[in-house]
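In: fold the stuff below for me.
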Amino acid sequence: MAREQFQTLTEPMYYILLALTEECCGVDIMEKVREISGGRVTVGPGTLYAMLSKFEATGIIRRTAEEGRKKSYIITSHGRKMLREEYDRLKRMIQDGDAVKGR
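Out: Got it, this is the predicted structure:
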């Protein structure tokens, strides 16, 4: 199951999946990651295309179009579930940190 391979997501993985909540191609994904993160996270082509390949192979995303070298993708329902689980995990970590800081 893909969740085991991606037990937790790196920051770039998380932002790539957030970007893919709307269909887009590689160049658009890189721009959306920068935009969503306020410029804090950037993803280069090597990292992006390696992740897209792994995500596609495990059913986290699917290819929606291909015109020459330009390929577009979107997150699958399985990927959305995984993204939500990661969001919930990160939120719990923040809550735990807040609880400790508030002692």
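
In: how about Tyr73, secondary structure?
Out: Three-state call for Tyr73 (DSSP: H, G, I helix; E, B strand; the rest coil): strand.

In: quick check, pLDDT for the closest residue to it other than its chain neighbours.
Out: Spatial nearest neighbour of Tyr73, excluding adjacent residues (Cβ to Cβ, 6 or more residues apart in numbering): Ile61 at 4.8 Å. All C-beta atoms are positioned from the backbone trio N, CA, C, and that covers glycine. In this model, Ile61 is scored at 98, pLDDT.

In: ranges for the helices of the chain?
Out: Using DSSP state H, the helices of the chain run over 2-5, 11-19, 26-36, 45-57, 77-101.

In: just the angle between the third one and helix 11-19, please?
Out: What that stands for is helix 26-36. Angle between the axes of helix 26-36 and helix 11-19 is 100 degrees (criterion: axes from the mean of the first three to the mean of the last three Cα atoms, to 10 degrees).

In: helix 26-36 vs helix 45-57, what angle?
Out: 100 degrees.

In: and helix 26-36, what does it pack onto?
Out: When contacts are defined as 3 or more Cβ pairs under 8 Å, 6 or more residues apart in numbering; DSSP states H and E, helix 26-36 packs onto helix 11-19, helix 45-57, strand 70-75.
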